[in-house]
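K.L.:
generate coordinates for the sequence data below:
(chains A and B)
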Amino acid sequence: MSSREKILPLLRENARYSTEDLARQTGLDVEEVEATIHELESDGVVHGYRAIVDRNQIEPERVRASVELNVTLDRETGYDDIAQRLAKFPEVEGLRLVSGDYDFAMDVEGDSMREVSNFISEQVAPVPEITQTVTHYIMETYKEGGVEFEDGDDDDRLSVSP
Amino acid sequence: MSFEESERLETVPPSGIRRYFELAEEQDDIISLGVGEPDFAPPWAARDAAIESLERGKTSYTPNRGLRELREEIVAHVHDRYDLDYDADEEVLVTAGASEAVDLAFRAFHDPGDTVAVVQPSYLSYVPAARLAGADVVDVQTRREDEFKLTREVLEASGAAEADTLVLCYPNNPTGATMTREELEPVAEFVREHDLRVFADEIYAALSYEHDHTSIATLPGMRERTVVFNGFSKAYAMTGLRLGYALAPPEAIESMNRIHQYTMLSAPTTAQHAAIEALRNCEDDVAEMREQYDRRRNFVLSRFEEMGIDCFPASGAFYVFPECPWDDSEAFAEALIEEQGVAVVPGGVFGNGGESHLRVTYATGLDDLKEALARIEQFID
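P.N.:
Predicted coordinates:
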């Protein structure tokens, strides 16, 4: 297993592991860990590090929506062109081309439902290639980025084994 | 009329860690590196199978030896893993945890005056089980300098040649030692030469990190003299479902079943349905858990090294067995719990030779491990 293969799953699990902890878990040298992370970053494999936040616990709570988009392509316009245009909106948190009943799955975030609705109706829907939008407001998040949102303190095992 | 204990029971002392257990119960900010139990939940597929069996009302007794479907899955699993063939009708007994299988084997094959050689340090129930069966116990003391592996030299020095049964547990609880096929060969040779039977507790077989586990029953002439114990508690994180099994020649299984049918009747039915699914479809879950344990093992070993505590580089199970910084491991464990709220198990619990060590499990999450090891470091400073 290469040092990349050892490090990457751990960074995805918790990007705040110190290089020392990463070295301890993988058996690599600290220098090797640092070099591998640097390499992953400069090669564009790792694009950044962010906190996974339980939004229910912050005030004021941000509103999020998952938006289905259908588009029509023409000779001059491909999926990438539409994607580039949409991705530039700061309200767009995530954008993926998907298979199935619609073309793009877009995550949008705003301070209120009105703000999100206005963004969809005034900025997204008028894009000429977009033929339909379906907006699903996120009501509750149970898991994000591989992390389950629960108190996590349900370990009722014995303190000491016989 | 009084409740005077039987003489046999008097040979079994109360647990040496009772006081220590009470201390752990008194505090509520304990980080436990004491419990030999995975912090994972059983794979969902196995849980679903258990739920479905309950929904369908499959809660009657099963055949004494276990559901045939499960015995067939066990046989197939053992064949795939070790190229070892057992007969599902005659050579498999499904039990309420591997612990029941251990007890059955001791009771089925020993009379007062028989001798059982127990590899030490070792899981703590073998000696009481042997004594409750009326047998005498000989310690086979493995050594740190041999990486806690069983050697021919140690066997000869221990007097195991005169014993009727040799009990071994690899990957080992509490040391984390494992044995390769090459290392088991001289042991098998000794066993054949002195015509011993072997009880091989292989409950940690799936948790071997450096090499594939070798079952001693695969060595020439060993299958017919070995009872293998295994179960679902460790590999599949199914501890509370209490399901294990024994593999042995037909006459041995028949004898063990004679006791089983009067005491347990049959292993828990719900757990048997979960186990069938575990064997059929949960190997990816086992691999994922093993990978996590392996990282934690590296972490813990590295931290003890940084602390300057000698710790044998365990290669199996989910324990490490560092040397205790104090002479008295029980006093150390007690003080560690009182002052730092970290529970580890004093090595003396695991028999002679364990006193100078501690058993530390890494079957707990990395965040807790980090914190607990930081507290241990602070404590010994």
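
K.L.:
what about B:I259, which helix or strand?
P.N.:
Assigning secondary structure by DSSP states H and E places B:I259 in helix B:250-263.

K.L.:
same thing with B:H77?
P.N.:
Per DSSP H and E: helix B:68-82 holds B:H77.

K.L.:
okay, buried residues for that helix please.
P.N.:
B:70-71, B:73-75, B:78, B:82 (16 or more other Cβ atoms under 10 Å in any protein chain shown). Heads up, the C-betas are built off the backbone N, CA and C, glycines and all.

K.L.:
for the next helix or strand after that helix, give the mean pLDDT please.
P.N.:
Note on helix B:68-82: by DSSP H and E, the next helix or strand toward the C-terminus is strand B:92-95. For strand B:92-95, mean pLDDT rounds to 98.

K.L.:
quick one: contacts of the next helix or strand along the chain from strand B:92-95?
P.N.:
Proceeding N to C from strand B:92-95, the next assigned helix or strand is helix B:97-109, under DSSP H and E. Contact with helix B:97-109 is made by B:93, B:95, B:116, B:125-126, B:129-130, B:132-133, B:135, B:164-165, B:197, B:199, B:201, B:203, B:227, B:229-231, B:233, B:242-246, B:248, B:252, B:255-256, B:258-260, B:264, B:267, as judged by Cβ atoms under 8 Å, 6 or more residues apart in numbering or on different chains.

K.L.:
okay, angle between helix B:97-109 and helix B:250-263 too, please.
P.N.:
Going by axes from the mean of the first three to the mean of the last three Cα atoms, to 10 degrees, helix B:97-109 is angled at 110 degrees with respect to helix B:250-263.

K.L.:
run the chain-centre distance for helix B:97-109.
P.N.:
13 Å (Cα atoms, centre = their mean, to the nearest Å).

K.L.:
can you map out the helices along chain A?
P.N.:
Ranges of helices within chain A are A:3-13, A:19-26, A:30-42, A:79-87, A:113-119, based on DSSP state H.

K.L.:
do the lowest-mean-pLDDT helix or strand in chain B and chain A meet at all?
P.N.:
When the helices and strands of chain B are scored by mean pLDDT, DSSP states H and E, helix B:18-26 comes last with a mean of 75. Yes: counting by Cβ under 8 Å from any Cβ of the partner chain, contacts between helix B:18-26 and chain A involve B:20-21, B:24-25.

K.L.:
turn those into a markdown table, columns for distance to B:V102.
P.N.:
Listed next are the residues of helix B:18-26 next to chain A as a markdown table, based on distance: Cβ to Cβ, whole Å:
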| residue | distance to B:V102 |
| --- | --- |
| B:Y20 | 24 |
| B:F21 | 22 |
| B:A24 | 25 |
| B:E25 | 27 |
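
K.L.:
just the contacts of helix B:97-109: which are in strands?
P.N.:
B:93, B:95, B:116, B:165, B:197, B:199, B:201, B:227, B:229-231, B:244-246 (DSSP state E).

K.L.:
count of neighbours near A:A51?
P.N.:
A:A51 has 7 neighbours, counted by other Cβ atoms under 10 Å in any protein chain shown.

K.L.:
just how off-centre is the least confident helix or strand in chain A by mean pLDDT within its chain?
P.N.:
Lowest on mean pLDDT, DSSP H and E among the helices and strands of chain A sits strand A:147-148, with a mean of 84. Put simply, strand A:147-148 sits 13 Å off its chain's centre (Cα atoms, centre = their mean).

K.L.:
which regions of the chain sit below the pLDDT cut-off?
P.N.:
Using chain A here. When residues are selected by pLDDT under 70, those of chain A lie in A:151-162.

K.L.:
to clarify, I was referring to chain B.
P.N.:
For chain B, the ranges with pLDDT under 70 are B:16-19.

K.L.:
max-length helix in it?
P.N.:
In chain B, assigned by DSSP H, the helix with the most residues is helix B:283-307.

K.L.:
which secondary structure element contains B:A275?
P.N.:
helix B:269-281.

K.L.:
what angle do that helix and helix B:68-82 make?
P.N.:
Using the same axes, to 10 degrees, helix B:269-281 lies at 40 degrees relative to helix B:68-82.

K.L.:
kindly report the residues of chain B close to chain A.
P.N.:
Within chain B, the residues that sit near chain A (Cβ under 8 Å from any Cβ) are B:15, B:17, B:20-21, B:24-25, B:30, B:32, B:34-37, B:39, B:124, B:295-296, B:298-299, B:302-303, B:343, B:345, B:361, B:366, B:370.
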